[in-house]
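K.L.:
Sequence first, then the predicted structure:
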Amino acid sequence: MDITHDFFPGAIGQIIQLHGTHYAKHWGFTSYFEAKVAHQLAEFAHGRKDPDLVLLARDDQGVAASLILNLHDPESQARGAHLRWFICADRCRGSGIGRKLLSMAVAHAEQHSQGRMWLHTFAGLEPALHLYRSFGFVLHAEQEGDVWGTVVKEQEYRRSGDS
């Protein structure tokens with residue numbers, strides 16, 4: 001499996017598809033969520049700047065995992081780099097590729113945001129939450145909401161960094 005640092009033709013669509021199909025199958029999310037991912041990911045790709053980080057694990061079937069670190073998100077402010085669109089295809093879950101991508105993202109954040117990072121997620125994603133916690137992310141806020149088009153217990157995790 002190769003890891004690339006840029007979008008290749010078809011990658012954006014594959015990332016959207018991974019999110020749409022995974023969260024529909026496992027969490028009952030609707031096309032509202034998929035459209036939101038599409039809109040926000042396209043907006044990021046169009047306005048991407050250095051030192052934003054794109055990590056795509058690619059195998060013979062295309063995008064196997066993605067992780068994007070947005071260092072220019074206007075919502076971030078003192079929270080640091082915004083971790084987004086982190087997903088592994090079912091075919092590579094448990095392979096260690098998610099840990100590898102997150103390790104690379106943390107190293108990038110150490111260089112560009114003093115290690116400070118944050119993300120939005122929701123309760124119940126235990127394997128992902130375990131991974132985040134192992135890299136120093138802690139729960140900062142939690143509330144019921146429907147930002148993804150389905151009511152879940154929304155969570156914000158933050159990593160303070162080593163500074």
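P.N.:
Alright, I've got the coordinates. The model shown is predicted, which means the values in this text are computed figures rather than measured ones.
K.L.:
give the contact list for G47.
P.N.:
H72 (C-beta atoms under 8 Å, 6 or more residues apart in numbering). Glycine gets a C-beta too; all of them are placed from N, C-alpha and C.
K.L.:
Check the gap between it and V106 for me.
P.N.:
24 Å (C-beta to C-beta, to the nearest Å).
K.L.:
next one: L67
P.N.:
The gap separating L67 from V106 is 10 Å, by C-beta to C-beta.
K.L.:
Between those two, which is the more surrounded one?
P.N.:
Higher neighbour count among L67 and V106: L67, with 25 against 20, using other C-beta atoms under 10 Å.
K.L.:
Could you look up the next helix or strand downstream of the helix or strand hosting the more buried one?
P.N.:
Counting by DSSP states H and E, the element that carries L67 is strand 62-70. Proceeding N to C from strand 62-70, the next assigned helix or strand is strand 81-88, under DSSP H and E.
K.L.:
tell me the mean pLDDT over that next one?
P.N.:
Mean pLDDT, computed over strand 81-88, is 97.
K.L.:
quick one: the following helix or strand past that strand to strand 62-70, angle?
P.N.:
Next helix or strand after strand 81-88 toward the C-terminus (DSSP H and E): helix 97-112. Angle of helix 97-112 versus strand 62-70, following axes from the mean of the first three to the mean of the last three C-alpha atoms, to 10 degrees, is 30 degrees.
K.L.:
Buried residues, helix 97-112. List them.
P.N.:
Neighbour-count burial for helix 97-112, with 16 or more other C-beta atoms under 10 Å as criterion, is recorded at 97-98, 100-102, 104-106, 108-109, 112.
K.L.:
which other residues reach stretch 88-106?
P.N.:
1, 3, 18, 22, 53, 55, 57, 59, 61, 63-67, 69, 81, 83, 86, 115, 117, 127-128, 131-132, 135-136, 159.
K.L.:
Return a ChimeraX selection command for the buried portion of the residues you listed.
P.N.:
To isolate the buried subset of those in ChimeraX, counting by 16+ other C-beta under 10 Å, use the following:
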select :18,22,53,55,57,63,64,65,66,67,69,81,83,86,115,117,128,132,135,159
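K.L.:
Model confidence at A78, what's the number?
P.N.:
For A78, the predicted pLDDT is 87.
K.L.:
Actually, V147.
P.N.:
Here, the pLDDT recorded for V147 equals 77.
K.L.:
for S163, same thing?
P.N.:
46.
K.L.:
for the protein, which spans come out with low pLDDT?
P.N.:
Applying pLDDT under 70 to the chain flags the ranges 162-163.
K.L.:
The same query, at a cut-off of 90, please.
P.N.:
74-78, 93-94, 124-127, 145-152, 161-163 (pLDDT under 90).
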